[in-house]
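here you go, sequence then predicted model.
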Amino acid sequence: MKSLTKYMTLNVPRRRMFINITPNVEDVVRESGIREGLCLVNAMHITASVFINDDEPGLHQDYETWLEKLAPEKPYSQYHHNGYEDNADAHLKRQVMGREVVVAISNGRLDFGPWEQIFYGEFDGKRPKRYLIKVIGE
Amino acid sequence: MKSLTKYMTLNVPRRRMFINITPNVEDVVRESGIREGLCLVNAMHITASVFINDDEPGLHQDYETWLEKLAPEKPYSQYHHNGYEDNADAHLKRQVMGREVVVAISNGRLDFGPWEQIFYGEFDGKRPKRYLIKVIGE
Amino acid sequence: MKSLTKYMTLNVPRRRMFINITPNVEDVVRESGIREGLCLVNAMHITASVFINDDEPGLHQDYETWLEKLAPEKPYSQYHHNGYEDNADAHLKRQVMGREVVVAISNGRLDFGPWEQIFYGEFDGKRPKRYLIKVIGE
């Protein structure tokens, strides 16, 4: 069994953003030399998500509106977590969107359906953020 | 390390449906000959989910009602994604239910609690759909 | 490839509870002797979640309030699943919070960001409950 682990850093200038990280994950899979296996990609922050969906700006606007309806940022005082913080909503939003994805690697490539793209979704940004890529297989 | 990858096709006659795919996954695990490892099952479409829950029709009706409340299909015009599409709600519902499951394989079998069953959940069907099963281990 | 599988039992005295199981998972990773690989942790019950977030009591109170708003326990009669049961809401809450986590193992340890902790989240407790830990790698 072979493995490769990479820690990636992203600059996230806004509080909430979706960033397509598929090319970065593809690079790591290629570097690993693994032909058959699994690739884990996870946020290393608990106010962020890694998820797979469409790279379509209208949909990302819909996610923003929808998540704000399900778990509104304000008023900050509605959340117990916000004694010294203002990011409780981000911890909630992250649960809807998920922490991680596991993707099959087949023939040395991410084994995707036609529209699958990997996103880092941040809900409490405005600073550098990290995610982890781990590839195992042969 | 051994691995086996299968692409499965389902006919999905309705827009929204939950289909129990556990026997298909069990067959692939058996065919792989893997005794100890992990099994990834994921939707290859971004308007669909693979998830684990109870095979109980009342519960599936509750999921349908609940997801329609959290992310209603109509009016289509409420979503930016629906310029040329009508399936934005399906992309949202899929995030609640999840893209994939990872299941332990122990002693050559899916290592499940007593009620766990794997479902393909489609939110924009009426055509054939695909999911992926990948087994790795020894 | 090496692997280790453990079935853990928890006493869950209340209907809904979040229990930090990180030390238990760390023990199993250590016992496995695996240096590089993946660790799957999943609930074996379909009214429960395993998820990663902050070990902060205010946030857990916020999760409780938020999940009750998204999928209220009562009135029981609002759910079709509740013919002979009263736990439909628990099957819904579990989908928001997720069934499982997959964590990288690097240098023999859970490869976590600074605040990541693993929780067992029960939504229909008051009895002993089980979760599964499976480590594979080398």
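Perfect, thanks for sending it.

OK, contacts around A:Glu100?
Residues in contact with A:Glu100 (Cβ atoms under 8 Å, 6 or more residues apart in numbering or on different chains) are A:40-43, A:50, C:101-102. Placement of C-beta: from N, CA and C, glycine included.

bridging residues for it?
A:Glu100 has the following beta-bridge partners by DSSP bridges: A:Asn42.

and which of the contacts of A:Glu100 is nearest to C:Phe112?
A:Asn42 (9.5 Å; Cβ to Cβ).

residues contacting that closest one?
In this structure, A:Asn42 makes contact with A:50, A:99-101, A:131-132, C:102-104, judged by Cβ under 8 Å, 6+ apart.

show me how far stretch A:94-108 is from its chain's centre.
The chain centre lies 9 Å from the centre of stretch A:94-108; the measure is Cα atoms, centre = their mean, to the nearest Å.

endpoints of that stretch, how far apart?
Distance between the two ends of stretch A:94-108: 30 Å, counting by Cα to Cα, to the nearest Å.

and the helices in chain A?
Taking DSSP state H, the helices of chain A run over residues A:22-32, A:57-70, A:88-97.

wait, which of these is closest to chain C?
helix A:88-97 (5.3 Å; Cβ to the nearest Cβ).

and the closest one, is it in reach of chain B?
Yes: Helix A:88-97 reaches chain B (Cβ under 8 Å from any Cβ of the partner chain) through A:96-97.

so that helix versus helix A:57-70, what angle?
120 degrees (axes from the mean of the first three to the mean of the last three Cα atoms, to 10 degrees).

now helix A:88-97: buried residues?
By neighbour count on 16 or more other Cβ atoms under 10 Å in any protein chain shown, the buried set for helix A:88-97 is A:88-97.

next, give me the two most distant ones among those residues.
Once Cβ to Cβ is applied, those give A:Ala88 and A:Met97 as the farthest pair, at 15.6 Å.

grab the nearest non-local neighbour of the closest residue to chain B within chain A.
In chain A, the residue found nearest to chain B is A:Gly113; the distance is 3.0 Å by Cβ to the nearest Cβ. The shortest distance from A:Gly113 to any non-neighbouring residue, by Cβ to Cβ, 6 or more residues apart in numbering or on different chains, is to B:Met44 (3.0 Å).

got a pLDDT number for the residue nearest the centre of chain A?
For chain A, the residue nearest the mean C-alpha position is A:Val50 (1.9 Å; Cα atoms, centre = their mean). On the pLDDT scale, A:Val50 is placed at 98.

relative to its centre, which residue of chain A is most distant?
Relative to the centre of chain A, the most outlying C-alpha is that of A:Ser77, 27.2 Å out, by Cα atoms, centre = their mean.
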